[in-house]
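S.K.: Build the 3D model from these lines:
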Amino acid sequence: MDVEALAPALRDAGVKLGVQNHNGDFVCNAMGLRHLLEPLDPATVGAVLDVAHTALNGEDIALAGIDSGGGRRIGMKTAEQVHVIG
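M.R.: Numbering: from 1, shown residues only. Below is the predicted model:
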């Protein structure tokens with residue numbers, strides 16, 4: 001799917017796409033989300049960080065908050081949603 005091609009339609013509809021990490025899949029941790037989302041417009045696509053899948057993948061949760069440059073952070077303070085196990 002070409003998310004950049006969807007950006008105008010997302011803006012027009014007032015919709016923001018959320019991408020969630022999932023252990024064992026294409027984007028399995030916060031760093032994967034960060035790399036996937038870096039080139040995309042944060043007004044049209046954001047992160048849905050699942051810290052359980054981040055932990056299952058063996059990623060240190062502290063890495064989730066590293067600034068990716070250009071003011072784009074993927075982490076618990078800046079993700080669109082954060083999933084945690086209660």
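S.K.: Mind pulling up the pLDDT for H83?
M.R.: What the model reports as pLDDT for H83 is 55.
S.K.: same thing with the one 3 residues further on?
M.R.: Model confidence at G86, expressed as pLDDT, equals 48.
S.K.: same deal with A9?
M.R.: Confidence score, pLDDT, at A9: 90.
S.K.: What is the neighbour count of V3?
M.R.: When neighbours are counted by other Cβ atoms under 10 Å, V3 registers 16. Placement of C-beta: from N, CA and C, glycine included.
S.K.: Strands of this protein, start to end?
M.R.: Here the chain has its strands, by DSSP state E, at 17-20, 45-50, 81-83.
S.K.: most neighbours per residue, which of these?
M.R.: With neighbours taken as mean count of other Cβ atoms under 10 Å, the strands of the chain reach their highest mean count in strand 45-50, at a mean of 22.
S.K.: other SSEs contacting that one?
M.R.: helix 3-13, strand 17-20, helix 30-37, strand 81-83 (3 or more Cβ pairs under 8 Å, 6 or more residues apart in numbering; DSSP states H and E).
S.K.: what would these look like in a markdown table with distance to A55?
M.R.: Below are the helices and strands packed on strand 45-50 laid out as a markdown table (distance: least, Cβ to Cβ, whole Å):
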| stretch | distance to A55 |
| --- | --- |
| helix 3-13 | 26 |
| strand 17-20 | 14 |
| helix 30-37 | 10 |
| strand 81-83 | 11 |
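S.K.: of all those, which lies closest to L49?
M.R.: strand 81-83 (5.0 Å; Cβ to Cβ).
S.K.: With distance to P8 added, can I get the strands of the chain in JSON lines?
M.R.: Formatted as JSON lines, these follow (distance: least, Cβ to Cβ, whole Å):
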{"stretch": "strand 17-20", "distance to P8": "13"}
{"stretch": "strand 45-50", "distance to P8": "13"}
{"stretch": "strand 81-83", "distance to P8": "24"}
